[in-house]
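> Here is a sequence with its predicted model. Questions after.
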Amino acid sequence: MIHILLSRLRQGHRTLAYPKGLPILPERFRGRPAVDASKCANTSGNGAEDGCQLCADVCPTEAIKLHDGVPQIDLGRCLFCPECEDACPAGAIRYSGDHRLAVRDRKDLVVGSGEEYRLAKALDSELMRVFGRSLKLRVVSAGGCNGCEVDVNVLQTITWDLSRFGISYVASPRHADGLLICGPVTVNMEEALRITYAAIPEPKLVIAVGACAISGGPFFSQSEQFGGAASVVPVDLFIPGCPPHPLTILDGLLRLLGKLGTNA
Amino acid sequence: MKESGFVPILNGQAIPLSEIPVSSLDDFQNGIVQGVHDGLRLACLCVDAEQRMLSVLADDAAKQLWVGRSRLAQASYSSITPHCVQASLFEREIAEQFGFVPEGHPWFKPVRFHASWTEGRDAWGRTSTPAPAVMDFFTVSGEEVHEVAVGPVHAGVIEPGHFRFQCHGETVLHLEIALGFQHRGIERAMVGGPHPLSLKHAETVSGDATIAHAWAYCRNMEGLAGVTVPPRSEWIRGVALELERMANHVGDLGALAGDVGFLPTASFCGRIRGEWLNLSAEVCGSRLGRDWLKPGGLRYELEPDLAERLLPRMAKAWQDTRDAIELLWGAASVMNRFEAAGHVDEGQAREIGMVGLAARACGIGLDVRKDHPFGPYADHPVPVSLAESGNVHSRAWVRWLELAESYRFLTEALQGLALAPADPAPAALPPLAPDSLCVALTEGWRGEVLHLALTDSKGRFSRYKIVDPSFHNWFGVALAMRGEQISDFPICNKSFNLSYCGHDL
């Protein structure tokens, strides 16, 4: 017993101060990408590279489309790999260290030039009354690679201590207020996912975590999957990444529950 | 093996297909059965795009692999599973993928529940899309015998799988596991590649073993392109793989502690696992090591000054790791539970072809790093960690021993990397050799990861076969449950911690 107590002392207090302060993320962490149209060869006016689409060509998930020559990145498809950043000779695409990515509307998962990124808004007042102080989630892994599960699980550790925000994962859909879905929804998981969703009492929320659950991710062109959670159930919150950093997932959940200011 | 038409190759070595004879099916099958009887291991058995059966046998003692192939002339053939249990799941997989029926297979059921890749030829004569886990389960009948069905959706944050227990009271007579819920078509997606997504598909075979699979993929690419990776880059790949092992072993030991209600280690390890993941993120930006490796070398360098900075952080993480895990071995309640649960017999483990830490926990000294050295492991060997009892305690203990060995490797590597200048970024690979085969093995934290690539006349993948260690080991979980209490299933399962998605592909 004394060993356990001594060990407890040595291990110390480890829960992050977040959201009061931000934890330090690695220098090479790839957060929300930014597009600088003034640098893009198609719009910068030097004309030398007119018609350049190197970034779109190298993107493995076809997440980049050119609009009036300027790249737009669909973060729902983005795997946050360095291909586009490396391919652009002008440095028009740069990953930032910004971990905040979650949105309420699939259409808002776009990073272009100039427009402000529409981060997830909090639930409306009635749903906030129901879920604001206690949100129980049933996690369903519906295909994918278990990478998102790793970082969803991590939120339960003492580092993040998810339950201090009134959020926890529960063992049965009957006890849940919503579903947290990882994976592209494989053909073989569709029925199980539908049944789990149906077993959750109304009102209920659905949270799609990771590129797979939003767009099919790296498997988007495979006929063995459906291209994301929204093909099977209505989704209330989209958290992009491959996998999203735990901080990104927590940020999304807290935004949904109005626990972060709109400018945070 | 030569008389059966098998040819010897080394891990990661490409060989023109013309050098692999196409044997008669009898010779080929006899070669496998005799080889396994003589102590070789069936590392892979699959069918290629031209409907030829292909086999990789591992001679772990002689550090070499034997490859052979044969033509399948008819839609059915005589199963070798009755003589070689290691072939069981492979023959079922071949039946599911290509519709070839192994006559006389004693356990002939689908593996992943998808439609046949060969149009018009289904091994079970099905005409509609198969439903997952719908099959004849093994049943036991008798008074007081009952069946417990669990999954695919489980109580925790876990991947989906379906488990059927045949129980007598609390005692499990037999467990049958039906997987395939995570099947997303990775092998099919690789065909025609390398595509821009191929490396991503390798990384996402099993996210918690990103490096093990990405490395195997890279080694196939390098073998087929005839490219040698600079030693320093290989050393960094070793760092990536051992960091992955540290993170997962720490996480598993914490979870095992949680499963027996020993909360100090459970909660400490949950946090410390993150420290190891974060070390990977310092180098490549991703906690799982995404985009760290690329064919030809590395996408992200581990520069000397970064190595210098990581050393003290790693030492602190190791200090915390030891402090948290040593508590386990001194807690009688933990030892009592660990030692009483999940025994797998060494003979059975050998018979089913178990690999990795689960095999080492039964006293079987298999480790690709030693048996088929790759990357830095010939110059910087990692001693094999063994235990004897084959139970939950042994699987926990092997993890603990491996943590210490990996930490030693990591310290030596980072000290060495801090002194050596970084390699230049790798050049784009030359085209892959046409009509060739390459087999790459790595030792992921669960065990042997095998990637087999076949190229067509244009140097594109005509077939890409992936064998995650989970594929070999899932049956071990079923064996570990025989005669156990059903309430011990979580701890038995966690002690293996196999990958569902790695199995399902």
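Yep, that arrived.

> Give me the spatial nearest neighbour of the single nearest residue of chain A relative to chain B, chain neighbours excluded.
Nearest to chain B, among the residues of chain A, is A:Gly147, at 2.7 Å (Cβ to the nearest Cβ). Bear in mind the C-beta positions are built from the backbone N, C-alpha and C, glycine included. Spatial nearest neighbour of A:Gly147, excluding adjacent residues (Cβ to Cβ, 6 or more residues apart in numbering or on different chains): B:Gly207 at 2.7 Å.

> ok, the residue of the stretch 101-250 of chain B found nearest chain A to B:Arg188 distance?
Ranking the residues of the stretch 101-250 of chain B by distance to chain A (Cβ to the nearest Cβ) places B:Gly207 first, at 2.7 Å. The gap separating B:Gly207 from B:Arg188 is 19 Å, by Cβ to Cβ, to the nearest Å.

> didn't the residue of the stretch 101-250 of chain B closest to chain A look like it was pressed against A:Val152?
No - taking contacts as Cβ atoms under 8 Å, B:Gly207 lies outside contact range of A:Val152: 11.5 Å.

> so who does the residue of the stretch 101-250 of chain B closest to chain A touch?
A:144-150, A:243, B:288, B:501 (Cβ atoms under 8 Å, 6 or more residues apart in numbering or on different chains).

> Wait, A:Val140 touches A:Ala199, no?
No - counting by Cβ under 8 Å, A:Val140 sits too far from A:Ala199 to count as a contact (10.9 Å).

> and these two? which has more neighbours close in?
A:Val140 (26 against 16; other Cβ atoms under 10 Å in any protein chain shown).

> so when I look at A:Leu179, I'm seeing a strand, right?
Yes - counting by DSSP: H, G, I helix; E, B strand; the rest coil, one finds A:Leu179 located in a strand.

> ok, it - contacts?
With Cβ under 8 Å, 6+ apart, A:Leu179 has these contacts: A:137-140, A:173, A:193, A:196-197, A:200, A:204-207, A:233.

> if we look at chain B, which of those residues are close to it?
A:138-140, A:173, A:196 (Cβ under 8 Å from any Cβ of the partner chain).

> Which ones among these map onto strands?
Cross-referencing these against strands under DSSP state E gives A:138-140.

> Secondary structure element holding residue 242?
Assuming you mean chain A. Counting by DSSP states H and E, no helix or strand carries A:Cys242.

> wait, chain B
Judged by DSSP H and E, B:Glu242 forms part of helix B:231-259.

> Ok, B:His105 next?
Applying DSSP H and E, one finds B:His105 in no helix or strand.

> show me where the stretch 401-505 of chain B has helices.
B:469-481, B:489-496, B:500-504 (DSSP state H, counting those that start in this stretch).

> among those, which is the most enclosed?
Most buried of these, by mean neighbour count (mean count of other Cβ atoms under 10 Å in any protein chain shown): helix B:500-504, with a mean of 29.

> do it and chain A meet at all?
Yes - for helix B:500-504 and chain A, the contact criterion (Cβ under 8 Å from any Cβ) is met by B:500-501.

> CA atoms only for stretch B:239-258 - export them in CSV, please.
C-alpha atoms of stretch B:239-258 as CSV (Å, rounded to 0.1, in the frame of the first residue of the first chain):
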residue,chain,number,x,y,z
VAL,B,239,13.0,4.6,-33.4
ALA,B,240,9.5,5.1,-34.9
LEU,B,241,8.7,1.4,-34.5
GLU,B,242,10.0,1.1,-30.9
LEU,B,243,8.1,4.3,-29.9
GLU,B,244,5.0,2.7,-31.2
ARG,B,245,5.8,-0.5,-29.2
MET,B,246,6.4,1.6,-26.0
ALA,B,247,3.1,3.5,-26.4
ASN,B,248,1.0,0.4,-27.0
HIS,B,249,2.6,-1.8,-24.4
VAL,B,250,2.2,0.9,-21.8
GLY,B,251,-1.4,1.4,-22.8
ASP,B,252,-2.1,-2.4,-22.6
LEU,B,253,-0.5,-2.9,-19.2
GLY,B,254,-2.6,0.0,-17.9
ALA,B,255,-5.7,-1.5,-19.5
LEU,B,256,-4.9,-4.9,-18.0
ALA,B,257,-4.6,-3.3,-14.6
GLY,B,258,-7.9,-1.6,-15.2
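
> what's the average pLDDT for it?
For stretch B:239-258, mean pLDDT rounds to 98.

> just to revisit the earlier point, just the contacts of A:Leu179 now: which is nearest B:Gly193?
Nearest to B:Gly193 out of the contacts of A:Leu179 is A:Leu193 (Cβ to Cβ; 29.5 Å).

> per the record, what domains does chain A have?
Annotated domains of chain A cover A:33-98, A:125-256 [automatic domain parsing].

> Can you get me the start-to-end distance on the last one?
What that stands for is domain A:125-256. One end of domain A:125-256 sits 12 Å from the other (Cα to Cα, to the nearest Å).

> same check, this time on the first one
One end of domain A:33-98 sits 8 Å from the other (Cα to Cα).

> And for residue 194, the neighbour number?
Assuming you mean chain A. 13.

> Not quite, go with chain B.
24.

> Check for me that it belongs to a strand.
No - using three-state DSSP, the secondary structure at B:Pro194 is coil, not a strand.
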